[in-house]
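Engineer: How does the following fold in three dimensions:
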Amino acid sequence: MESSSKTQRRFRFRDHSQPESQNSVPSSEPSSDVSALSLHDSDEPEIESMTGRGIKHLCDELLELKEAASEDLQKNIFANYSFFLRILEEVTGVENELVQLENHFVSHKRLVRDLIDRIYPNILSLSSNIEDHIDNETSLIRSEFEAHINDVSDKLDLLMSENKVDEALELLESADAHYQGIQFEDYSDSDINLYNSVISEKMSMLKQRLIQIAENDRTVGPELQKALSGLCRLGETQLAIELLLKYYHSRIMDGTKDLQWSKSSSNEAYIRELARFVFSMISQAAKSFVMLCGESSPYASELMMWSCEETKSYVAWFDEYVKKISATNGSLSYAIKAVKFAVLYCSLLEDQSLVLQPYLVMLLCPCIEEVLNTHVNHFKKVVGIFSVSDSWGLEKYLVSGVLEGGSLNLDVEEQPEYCVLTTSGRKFLTLLQAIVEDISPLVALQMGSSIIGALSNLITEYVTILERALTYEKRGGDHQVSPRIKLAVSVAQQVSILANMLTLTKLLFVMVKGIYSSNDGGKDSNEMEENLDVDQHQELEEFMLFLEESSHKLRTVFCQQLIARVSATYHSHEIFSAIQNVDHFDDNRIQYTMPSGIFQVLFLELRKIERLDEENMFEVNWLIGLLRELMESMFIWISNNKDIYATQETNQWFSSISLFHVQFVMDVQFLVEIGMHGGYFSNDPLLLLTLMKSTFNSAGLDPFKDADNDGWAIDAATKTIQKLLEIEKTTTMQPKESVVNNEEEGELHESQSNQSAYLSEEGDLSSSENNNNNNIDALDFDEEDELEVAIDTNTLTEHSVSTMQSAPTIAIDEKGQNSDEIKSK
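Structural biologist: Next up, the predicted model:
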């Protein structure tokens, strides 16, 4: 009680429900600074009562807390009682296991003690006995291994001294196999290295012996093969192959030198023997290689490379010798035969899987092309020589005689029996046929492009000669003296040149196509074309295109020369004086406008070409095509040369642009009437209409508005054609111009050309005098005045000119009234 009372006096409890001021020490005055110790004794009972209540209240709370804790503890004990029992049971089991383990440990400890005391001494004694036995066995095995090494070394020395290579190889192989086996046995490294060094030394000695045998020049084939096989058995396959190829290369070089020193009198025999020898050596090398390495060897590429190098060396000898022989005797067939021999022997290697032919052909192509070019240059001179004597006249030849065994690529019913050629054309075709027969074997070697190139060069040379004959070119600027050919002066000669080229185009293509056909086993054309490869098809197409272009070139030159010749004779426009001097021009005069003289001369030239059909030398359709091409060229010419409508005096255009239009329409319509009269455009009438429209458009004229709406130009053109035809009939009394012309006809043509120039000058002077007469009121011409139609005097004789002069002249007065005299006429 005293302690409790002390406690009550020491601690004070606050009532949390009271404010802070009330929990403080009570005093009579809150603001007083008097300490609690100085409280009066009258306040102590009140304090003690409050403390007691607080303690009592706290005790109650503690009792409640104790009861709650006791209650919770009892609940936990009751809830975990079974778990505690299981833990106690497990602890009891673990204690039992620990007891058993302790007993087991004690028993093992007792066994180990017994082993140390009784068994270990016996084990030590037994181990020492085993080590002694092993040492004895090892020394015995080592002595036997050393004896084996010495024995192998002695045997190898003996066998190599006796040159028993096979037995030495067998011994080395067995020793090597033994060496491979001992590596997995209990031998020391020093013993194994010693054995390896001995085997390597003896193997090196044997390899050197085999190399000496292989490199000896006196070693024959079987001994070489045996030595190389030994190297392969020693693992030196690469070295064996090198020695093999070196051996056969040496034999090829020595054999080639022997052939050169012992050349036979026949060059053909030498080149044949050279090819046979070189490729037979390559064949023997291939056989030896197969015996050495087998058919499917990884070293086969080395054999192929070596074969290509030897082939390249052969081509170098071939090139040198063939060029030298070909230059001395000029025989092209010799070079071709040499190629055939080389390819023949090379192709035999294909049975040994050595495909060298494409490589050989590739190397031979430059050589053959150079030889071909040399002979082509020679043949060009030959072509120039036999072209000198050609008078450019056509002759008929049997096709069967021109092409031996050949025929045109036509059906049997359409196949022509004859062909036309000039003298030089026949010789040129014979020359090409002989060349083709010599070089035709090159097609089988895929060298058809070389043949096409050689023939194209010769054809180009001949076409150049024909072009010179057409253009009167003498090639005076060349330093080399070129053959002086005869010029194709007349139209007949010029057309003969074109027909000659047409025949050559057909026959040469048949000739070249026959080369491919004969190479394909003589099959017909359809089967042959199916069996040709892409390159051969392309070669034939390019050659045919070249021939067509050459023929077209000559036709173009002919058209240009004919137009130039006609325009040169009438270099200026000649028209009625009435039109040139009239200041005013009305519609009544249109009907009396005439075509220009240049186109009248053109009509007569075309008629001369038409009459060539009477010679029965030309195909009608071909002549019509040539005339149509001439007409097309003339339409183009008039579109590009409108300056012909300038007057002679002033060299200016007509004073009235309408006069130019009238004359231009007249001339174009005259060309159209010429084409319709000759039937040149019967197969394609729209072409003529297209040409007329394009010509009008070139002059700035409307082909529909400015054309001949009233038919006056058609009437004038028709009348002019009729008059020119009448004039042509008057010349039929003279001998007809033959297709075959000579030099005298050329001289006559030159004299006629001079006469034409003289008559043209007289006509120009007469026209000038009439133009200078300003006092003429009306232009009335009598029968003595000529209707000025410019006719080429190269075509007409003096008789035809006088006939033209007797023709009536059509004229009108200024008022547009027709003369009664003209009507009466």
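
Engineer: where do the helices sit along the stretch 51-200 of the chain?
Structural biologist: Under the criterion DSSP state H, counting those that start in this stretch, the stretch 51-200 of the chain carries helices at the ranges 81-118, 120-161, 165-182, 189-215.

Engineer: Please disregard the earlier target; I meant the stretch 501-650 of the chain.
Structural biologist: 525-531, 534-569, 577-581, 597-611, 620-640.

Engineer: Kindly report the same for the stretch 351-500 of the chain.
Structural biologist: Taking DSSP H, counting those that start in this stretch as the criterion, the stretch 351-500 of the chain contains helices spanning 357-388, 399-402, 423-439, 441-444, 448-471, 491-519.

Engineer: Make TSV out of those helices and add mean pLDDT, mean neighbour count and distance to I199.
Structural biologist: All C-beta atoms are positioned from the backbone trio N, CA, C, and that covers glycine. Supplementary listing: the helices of the stretch 351-500 of the chain in TSV, determined by pLDDT from 0 to 100; neighbours: other CB atoms under 10 Å; distance: least, CB to CB, whole Å:
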stretch	mean pLDDT	mean neighbour count	distance to I199
helix 357-388	90	17	45
helix 399-402	74	15	83
helix 423-439	91	20	65
helix 441-444	84	21	58
helix 448-471	91	20	62
helix 491-519	88	22	63
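
Engineer: picking up where we left off before, tell me, which of the helices of the stretch 51-200 of the chain is the model least confident about?
Structural biologist: Across the helices of the stretch 51-200 of the chain, helix 120-161 has the smallest mean pLDDT, namely a mean of 65.

Engineer: May I have the phi/psi pair for T422?
Structural biologist: Main-chain dihedrals, T422, degrees, to the nearest 10: phi -80, psi 170.

Engineer: For the strand or helix carrying E309, give the mean pLDDT please.
Structural biologist: Counting by DSSP states H and E, the element that carries E309 is helix 300-329. In this model, helix 300-329 has an average pLDDT of 85.

Engineer: Please pull up the helix or strand immediately following that helix.
Structural biologist: Heading C-terminal from helix 300-329, the first helix or strand you meet, by DSSP H and E, is helix 332-347.

Engineer: Show the average pLDDT along that following helix.
Structural biologist: Summarised as a single mean, pLDDT over helix 332-347 is 86.

Engineer: circling back to that earlier point, the helix holding E309 vs helix 357-388, what angle?
Structural biologist: Angle between the axes of helix 300-329 and helix 357-388 is 20 degrees (criterion: axes from the mean of the first three to the mean of the last three CA atoms, to 10 degrees).

Engineer: Now do the buried residues in helix 300-329.
Structural biologist: 300, 302-304, 306-308, 310-311, 314-315, 317-319, 321-322, 325-326 (16 or more other CB atoms under 10 Å).

Engineer: Show the pLDDT at L787.
Structural biologist: 29.

Engineer: Which residue ranges make up the domains of the chain?
Structural biologist: Following the assignment in automatic domain parsing, the chain carries domains at 54-118, 133-216, 389-569, 583-824.

Engineer: quick one: which of the helices of the stretch 351-500 of the chain is nearest L627?
Structural biologist: Taking CB to CB as the measure, the helices of the stretch 351-500 of the chain were each checked against L627, and helix 491-519 came out nearest at 10.2 Å.

Engineer: ok, back up a step: name the helices or strands packed onto the helix holding E309?
Structural biologist: Other helices and strands packing on helix 300-329, by 3 or more CB pairs under 8 Å, 6 or more residues apart in numbering; DSSP states H and E, are helix 237-261, helix 267-293, helix 332-347, helix 357-388.
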